[in-house]
Each structure stands twice: as C-alpha cells, then as structure tokens.
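Output the structure for:
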Amino acid sequence: MITIVDKWTKSSLILKIVIGLIIGAVLGILVPDWEIIGFPGEIFVSALKAIAPILVFVLVASAISKARSGIGSRFKTVIILYLFSTFLSAMVAIIASTMFPVTIHLSAASNATAPTGLGGVMSDMALMVFSNPVDLLAEGQYLGILFWSIVFGIALKMVASDTTKDVITDLADAVTLIVRGIIQFAPIGIMGLVFTSVSQSGIGIFTEYGQLILLLVGCIAFVAFVTDPIISAVALRRNPYQLVFTCLRESGITAFFSRSSAANIPVNMRLCERLGLDRDFFSISIPLGATINMEGAAITITVMTLAVCHTMGIHVPLPVTIILCIISTIGACGASGVAGGSLLLIPMACSLFGISADVAMQAVAVGFIIGVIQDSCETALNSAGDALFSATAEYHDRAKRGEDMKFLGEFAK
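This is a model prediction of the structure:
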C-alpha cells in the first residue's frame, strides 16, 4: 500500500488529471445515469472550498507578521497588473462584440436578486469587509477574509513575540500540508466533475446559444493567449509564453473543472512554489488575485450586456463603452469566487443603458444555461492569470534588482 501511495504522489499530476478527464468524459457519454461517478468531484471541490478560507487567513497573517522589507513594490506591481488586465479584458469584449454582434432570446425573467447599481456593489463590498470574521470564514467571503487576515498579520507583527509568529507559521505549514494531500485526489475529482458536466449537458450545449458561446470563449482565448502575454512581456522584456502555458496547464485546467477561483487557490499556491516565488509574496498575491483579478468576469459582464443591447436595438456610443469598461472592471472585482459569480452583476452593467432589471435578469438566466462552458473558461482565465501576474510581478522585481533570470525553461520541467 505504501508503495502504491508513493508511486501515485510521485507521478505526474497533469498526466493523471488528463487521464481522469478522458475517463470522466467517456463515462459521461456511455453511462450518464450512474450519478455516483460524479460524487468524487463534489467531494473534491467541497474539500478545497472548506480548507481554502482557513489557508488564506493563516498564510496571509503569517506572511505579513514575518514579512521582510522590500516586497512592497511587488504588491504594487501585481495590483496594477490585476486591474489593468481586467480593464483590458473588458475592452477586448467590447471590440469583439462590436465586430461580431450577437443577439439572444430573452425568455422569462429569473427570480434571482442582483445589485441595482455600482453603488450597491461598493456598499455590499464594504459591509462584507467589516462583517464578523468567523462568519466570513464560514461563508468563504474572501474579500473580508483578506481584510481581517491583513489586520491580524499587522497586529501580530507589532506585538507578537518571535515564538508566537513561529506558531502561526507552523499552523500555516500544517494547513498547507493538508491542502497538498487534497490536491493528490485532483485526478479523481476531475473525473467526477467532467462526468457530471457531460452526463447533464451532453453535446447539446455546444449548439444552443452557439454564437454567444463562441464570442465569450473567443474573447477569453484572446486574452489568455494574446493580451495577457503582451502585458507579461512588457513587464519582463522577454518571451513569456512558456510561463503563460505553464500557468494555463497547471492552474487553468483544474480551475476549468472546479469553476471556482477560491477553490483553486491551493492549486495556485502549489504552482507558485514550483515557480520558485517568494512565499511571503504569493501567500498574499494569490488570494488577492482570486478577489480582484477577474478578467473572465469582466468579459462575461461586458459581452452579455452588449448582447442584450443588440437584441433590443440599443445603440452604444464610444464614450459609453469606456464607462462600461470601468463599470465591468469594478463590478468584476466584486464578483464572488464561486461558480456563476459574475452573472448577477450583468443587471448592474445593463442599468447603464436604462435596461430594466427584469430584462437584464433574463440575460442572467441565459448565462446560467451556457454556464457549463462560460463559467469554466472564465474561471480558468481568472485563476491562471492570478499565477501568471504573481510570477510576472516577482520576476520583474528581481530583474530590477539585477538578479539572474533563469526561470525560462526551468519551471516547466
């Protein structure tokens, strides 16, 4: 048994995930009624979601309490990268939607609730930040968790003894070890998740709302393979594609099937370790990215809003598109880190054009119909971007200090 476990842990995780993906797809087609096959996927995602809030809290608090001087510039860089890439993603969505206008069938309105405006989003975010920290941990509200973990870490840095800080670090190491154990079950979990998606949706999802899906996926692919690499290349002044492909392969694949940036935080932590990044830095930048690096969400909000405008014959002038980009960027930062979190922000963007909430919520319903593809691609882009820009910020900082840049060709081994 020990030998089997040892071989399992030492074999390629990516290869095992690909095998699990194929098995899950085949079983989803052949035996779609065997719902028990999808159960491991539910357990895997639930386990990651359960441990991720605790992981974020202890890692951020530990990193800040023992933070060295000189990493502040990296945080400034990564925040700029997160926000600029999200804004640029909204711009890509506007250009694509203008070149390839898509209309949607607006059916019965959804009963779900959504923010009525940008002010509502901002007030909800402020109230969430100052909520009970225990409730935030239980509910997985990462914006609030980040805030309180930073406060807790600063307080520890000011008053705690070295022994206390070491205890917090040991606790963070223990939680990290648990997460690594959970990630070893990723291939089985991915198999279950793929089985569920294929068995429930089949191939019909690829034909219904096909143009809308192609537009969304096309924008996401363009950002993943063109705009994000350009941003990284400008910052690093070298070819970034090996780093880009590594992040997409090791972070994007698992995020595609878990459909949760929050659940993929442990995966990105592991990737950053392999990339040789500073733990004090990525322990904060990765959870921060899961909160504010929402390129895919900005694309979804923008494309769906303009699809409603095209359907209703509403002309969208250029100055208004710039405002839409800003609203989509800010709104995307407030999107939750769970499946479908960006869809409920569509009415907020639609309100810019005077579209009623009832009509906008119909677009939300359409979003949930195509969510098996849209949300998977969106989350993959968001999560891979978290790792990509964390690495870009740190490598950029190393280059400024004149350190040796040997990462190309090394991290992909």
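
Look through this protein and tell me its longest helix.
Using DSSP state H to define each element, the chain has its longest helix at helix 371-400.

for that helix, the distance to its chain's centre please.
Averaging C-alpha positions (C-alpha atoms, centre = their mean, to the nearest Å) puts helix 371-400 8 Å from its chain's average.

what's the answer for stretch 147-163, then?
So, by C-alpha atoms, centre = their mean, the centroid of stretch 147-163 is 27 Å from its chain's centroid.

And for stretch 265-276?
Distance of stretch 265-276 from the chain centroid (C-alpha atoms, centre = their mean) equals 14 Å.

in it, what counts as buried?
For stretch 265-276, the buried set under the neighbour-count rule, 16 or more other C-beta atoms under 10 Å, comprises Ile265, Pro266, Val267, Asn268, Met269, Arg270, Leu271, Cys272, Leu275. Every residue, glycine included, has its C-beta placed from N, CA and C.

Show residues contacting that stretch.
Residues from elsewhere that reach stretch 265-276 (C-beta atoms under 8 Å, 6 or more residues apart in numbering): 48, 51-52, 55-56, 59, 176, 179-180, 182-183, 186, 243, 246-247, 250-251, 254-255, 279, 282-283, 286-287, 289-290, 383, 386-387, 390-391, 407, 410-411.

hmm, 7 Å instead?
Applying C-beta atoms under 7 Å, 6 or more residues apart in numbering, the contact partners of stretch 265-276 are 48, 51-52, 55-56, 179-180, 182-183, 247, 250-251, 254, 282, 286-287, 290, 383, 386-387, 390-391, 407, 411.

Now list the buried members of the residues you listed.
Judged by 16+ other C-beta under 10 Å, buried ones among the contacts of stretch 265-276: 48, 51-52, 55-56, 179, 182-183, 247, 250-251, 254, 282, 286-287, 290, 383, 386-387, 390-391, 407, 411.

Can I get stretch 311-325 as CSV, trimmed to CA atoms?
Output in CSV follows, covering the C-alpha atoms of stretch 311-325 (Å, rounded to 0.1, in the frame of the first residue of the first chain):
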residue,chain,number,x,y,z
THR,A,311,-31.1,42.3,-29.0
MET,A,312,-33.1,45.4,-28.0
GLY,A,313,-31.6,47.6,-30.8
ILE,A,314,-29.9,50.0,-28.4
HIS,A,315,-27.0,52.0,-29.9
VAL,A,316,-23.9,52.0,-27.8
PRO,A,317,-21.7,55.1,-28.4
LEU,A,318,-17.9,55.0,-27.9
PRO,A,319,-17.8,57.2,-24.7
VAL,A,320,-20.4,54.9,-23.1
THR,A,321,-18.3,51.8,-23.9
ILE,A,322,-15.4,53.3,-21.9
ILE,A,323,-17.7,53.8,-18.9
LEU,A,324,-18.9,50.2,-19.4
CYS,A,325,-15.3,49.0,-19.3
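
for this structure, what spans make up the strands?
Taking DSSP state E as the criterion, the chain carries no strands.

So which of the buried ones among the contacts of stretch 265-276 are in helices?
Going by DSSP H, the helices hold 48, 51-52, 55-56, 179, 182-183, 247, 254, 282, 286-287, 290, 383, 386-387, 390-391 from the buried ones among the contacts of stretch 265-276.

Thanks a lot, see you next time.
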